[in-house]
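> Sequence plus predicted model, see below.
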Amino acid sequence: MNHVITIDGPTGSGKSTVSRLLAKRLQSPYLDTGAMYRVVALALKQAGIGLHDKAAISKICNELDIRFVPEGDATGVYLGRDDVTETIREPDIDLLASDVSALEGVRSAMTRIQRKIGSQGPLVAEGRDMGTVVFPEAQYKFYIDASLETRIDRRFQERQQRGESISREKIREDLIKRDHQDMHRSIAPLKPAKDATIIDTTELSLDQVVEKILREIEKD
């Protein structure tokens, strides 16, 4: 797994954009594992399947047709033939994805898929358990974080840019709830890998974070 770079961190830390920029700089594929759990959440919601229906959830995971399609500087996410890039970023899917990611069956299925992708060549893998669970043997591991207020600000601006009408306090409430769910779940909780390089992005631009990561990689 020396060809895999893992980037973990909480919502609003900047890890998604940093991962995309890093993958572009390295001319490497980018794996957005958070999007995978969001697609599962969306599929369950569309099918009206509850979180306690293990058989139905397993069936959904085994039949899931998820594709990542490069679209300029961005990556489109498709569930079957449907472009769900924007849909999976809606607030209800965000929180549902956190619940879904705590399910052992879902996590096992997604981990198998992610490891298969990682075995095929160079990869920048972004998520919440990439360095701790999915790719523990990766040579380069990073944990991207930022202060709570900074993450709230970033999330608020992102939602405003999408034309959503939402208060900053609602963003705070949802972010704190998501953090708690991710960090306290019994399966693959969000935390830095023991050998990860931790980067606080509170006072850094996206480009500065990417440069910091590249410098760490170039040390070897």
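Received it, and whenever you're ready, just let me know what you need.
> drop to CA atoms for contacts and neighbour counts, all remaining ones
Noted.
> gap between I213 and I199?
9 Å (Cα to Cα, to the nearest Å).
> For these two, list the residues in contact with both.
F142 (Cα atoms under 8 Å, 6 or more residues apart in numbering).
> These two: which is more packed in?
I213 (20 against 17; other Cα atoms under 10 Å).
> Pretty sure Q139 sits against L123.
No. Using Cα atoms under 8 Å, Q139 is not in contact with L123; the gap is 11.7 Å.
> Now the common contact residues for these two.
3-5.
> Can you check those and name whichever has the most neighbours?
Going by other Cα under 10 Å, I5 tops these with 27 neighbours.
> I'd guess it is in a strand, am I close?
Yes. Secondary structure assignment (DSSP: H, G, I helix; E, B strand; the rest coil) places I5 inside a strand.
> beta partners for it?
V124, Y140 (DSSP bridges).
> Quick one: the helices in the protein, in order.
In the chain, helices defined by DSSP state H lie at 15-26, 33-47, 54-63, 91-100, 104-118, 148-161, 168-184, 206-218, listed in chain order.
> Off-centre distance for the longest one?
Going back to what we said before, that points to helix 168-184. 15 Å (Cα atoms, centre = their mean, to the nearest Å).
> for stretch 124-142, same thing?
The answer for stretch 124-142 is 11 Å, by Cα atoms, centre = their mean.
> Buried residues, it. List them.
Under the neighbour-count criterion of 16 or more other Cα atoms under 10 Å, stretch 124-142 has 124-132, 134-136, 138-142 buried.
> Not counting it itself, show me its contacts.
Contacts for stretch 124-142 (Cα under 8 Å, 6+ apart): 1-10, 15-16, 19, 22-23, 28-34, 111, 114-115, 188-199, 213, 217.
> before we move on, what about stretch 213-220?
So stretch 213-220 is contacted by 140, 142 (Cα under 8 Å, 6+ apart).
> The helix or strand bottoming out on mean pLDDT in the chain - contacts with which helices or strands?
The least trusted helix or strand in the chain, going by mean pLDDT, DSSP states H and E, turns out to be strand 66-71, with a mean of 84. Where contact means 3 or more Cα pairs under 8 Å, 6 or more residues apart in numbering; DSSP states H and E, strand 66-71 is packed against strand 74-79.
> tilt between the strand it packs on and helix 15-26?
Using axes from the mean of the first three to the mean of the last three Cα atoms, to 10 degrees, the inter-axis angle of strand 74-79 relative to helix 15-26 is 120 degrees.
> What average pLDDT does strand 74-79 get?
For strand 74-79, mean pLDDT is 88.
> now do stretch 86-93
pLDDT averaged over stretch 86-93 gives 90.
> Residues touching it, excluding its own?
35, 38-39, 41-42, 94.
> Looking at those residues, which is nearest S58?
Checking these against S58 with Cα to Cα, the nearest one is A41 at 12.5 Å.
> My guess is the closest one contacts A97. True?
Yes. Taking Cα under 8 Å as the definition, A41 is a contact partner of A97 at 5.1 Å.
> So between the two, which is more surrounded?
A41 (27 against 23).
> wait, what's in contact with the more buried one?
With Cα under 8 Å, 6+ apart, A41 has these contacts: 93, 96-97, 100.
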